[in-house]
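Visitor: 3D model of this:
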Amino acid sequence: MTDVRDDRLADAIDLFYEAALNPERWPAVLEAYGRAVGADGAVMLPGPAAPLAASVSEDMAEVVEAGVRDGWLAENPRIARGIQALKDPRGVITESQIFTPRELDHIPFNADYVGRYGNRWFAGLYMVAEGERSVILSAERRREREMFSHREIAQIRRAVPHLQRAGQIALRLAEARAGAALDAFETLRCGGLLLDASGTVLRMNAHAERQLGRGIAVVKGALLAQDRAANAALGRLIASAIRAGRPHEGAAEGPVAVPRPEGPPLILHAAPLAGAAQDLFQRARAVILVVDSAAGGRPGEALLRQAFGLTAAEARLARDLAEGGELAAVAAAHGITIATARSQLKAVFAKTRTHRQPELVALLGRMRL
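Guide: Numbering: from 1, shown residues only. Purely as a prediction, here's the structure:
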C-alpha cells in the first residue's frame, strides 16, 4: 500500500475509513479532504448514473443542489469524458486532460454552471470503479486560484489506493445492510424488493420471488402489476417512494391491491429508505413490501374499495364486520336498517367471492401486514 506522507491528507484518509462505517460522516470527511489537498470543496457523485443524491462538503452543497435541480449533472461532460480518458482506474484526472482552454470558457456546463459558482479547476478519481456502481471523488478549486500542480496530483495519486479501499468497505457494508433488511422481511413471511433511484429492482427475497407471475412481474428490472389499473396505481406508489428529497416532503401513497388469477389480491406497500440519500454507496432508495397471507390487522376502507370495487358504504360494513362487529350492531352504528345491511353484505360477498361472514373476516385478516 502506498505511503501517504502529508499529515493533513493522512488524517483525512483515516476519516474516510471512519465514514465507510458511518455514512453520516461523509460531509465532514469531504470537507477535511478538500482542505488537505488545497481545494475549496469536495464532492462524491455516482459515475455514469444521473445523480439524484450526492455527498458534498459544505462549500459545495449549493453547487451540487443546483446541478441536480437544474439537470446539469444529469449529463455531466466531466464524467463522460473523464471515464474515457482515465485509462488507469487508480489515476487522477484534471480539467486540462479533458477540456481545452476554450471549452473551459464556453461549454455551457463549464460557463453557465461551474463558472457561475466561481469554480474551474478539479482533480477527480474513482472511489469505486465498478461500472454502473462507480463513485467519483472530485476536489474542486475556484477559478481565481492556480490549477492543481503536478506535485499536488502526485500527492493525491498516492492516496488513491487508500481511498478506494475505504470505498469498497462502504459499498460492501451498504450491500450487507440492504441484504439484512430483506432477510428480516423473509422472517416475517413478507416479500421484499429493493429499488434504486430510477425504480429498478436491485434485489428481492425468496418470498417476493415466489409471487412473480401471480399478479406481479419484473420486466427489464421494472416491477409491474399484470392488471392494468393496478399497474397504474403501482407506478404512482413507486414514484412516491423513490422521489428525490426528504421523505416527508412528498405525498405518501397508500398500499396497492394487485389482483391475482386465484385467491385474494396481493397487497403492495412502498416506503423510502430513511437515510439512503445520505449514503451514496447505498444504491437502494426504496423498499416494496408484498403481503400475501401474513396475519395481522384489518385493511382500511380505501384499500378495500380499490381491491374489490366496493362502495364506500360496503367498505365500511366489511371493515367493521372484520373487526368483530355483529351485523345488527354495525347497521345501527351506520344508521341503516338491518335489511339494508344484509343487502350491502350480500354485495360484499359477491365482490370478494366469499359466502359467509367468517370467510370474509379470514380473507380481510390476510390482507394487511
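
Visitor: how about stretch 75-93: buried residues?
Guide: With burial defined by 16 or more other Cβ atoms under 10 Å, the residues of stretch 75-93 counted as buried are N76, R78, I79, R81, G82, I83, L86, G91, V92, I93. Just so you know, the C-beta spots here come from the backbone N, C-alpha and C atoms, and that holds for glycine as well.

Visitor: for the first one, which non-adjacent residue is closest in space?
Guide: I take that to be N76. F109 (7.1 Å; Cβ to Cβ, 6 or more residues apart in numbering).

Visitor: and if you look at the fifth one?
Guide: On the basis of Cβ to Cβ, 6+ apart, the spatially nearest residue to G82 that is not a chain neighbour turns out to be I93, at 4.7 Å.

Visitor: repeat for the fourth one
Guide: Residue nearest to R81 in three dimensions, not counting chain neighbours: I98, with 4.0 Å by Cβ to Cβ, 6+ apart.

Visitor: that neighbour: how many residues sit nearby?
Guide: By the criterion of other Cβ atoms under 10 Å, I98 has 21 neighbours.

Visitor: that one touches A85, doesn't it?
Guide: Yes - if you go by Cβ atoms under 8 Å, I98 and A85 touch, sitting 5.3 Å apart.

Visitor: circling back: checking my notes, the residue nearest to N76 in a helix, right?
Guide: Yes - the assignment for F109 by DSSP: H, G, I helix; E, B strand; the rest coil puts it in a helix.

Visitor: span of stretch 348-359 from start to end?
Guide: 12 Å (Cα to Cα, to the nearest Å).

Visitor: endpoint to endpoint, stretch 97-117 covers what distance?
Guide: Calculated as Cα to Cα, the first-to-last residue distance of stretch 97-117 is 22 Å.

Visitor: returning to what we had before: how much space between the residue nearest to N76 and F99?
Guide: As judged by Cβ to Cβ, to the nearest Å, F109 and F99 stand 10 Å apart.

Visitor: can you list residues touching both of the two?
Guide: When contacts are counted by Cβ atoms under 8 Å, 6 or more residues apart in numbering, F109 and F99 are jointly contacted by P77.

Visitor: count of residues packed around the closest residue to D227 other than its chain neighbours?
Guide: In this structure, D227 finds its nearest non-sequential neighbour in P259, 4.8 Å apart by Cβ to Cβ, 6+ apart. Neighbour count of P259, defined by other Cβ under 10 Å: 16.

Visitor: what's near enough to touch P259?
Guide: G215, D227, A230, P265, A307.

Visitor: ok, the residue nearest to R81 - contacts?
Guide: The contact partners of I98, by Cβ under 8 Å, 6+ apart, come to P77, R78, R81, G82, A85.

Visitor: mind redoing it with 6 Å?
Guide: Counting by Cβ atoms under 6 Å, 6 or more residues apart in numbering, I98 makes contact with R81, G82, A85.

Visitor: how confident was the prediction at the last one?
Guide: Which is A85. Note on A85: pLDDT of 89.

Visitor: thank you, goodbye.
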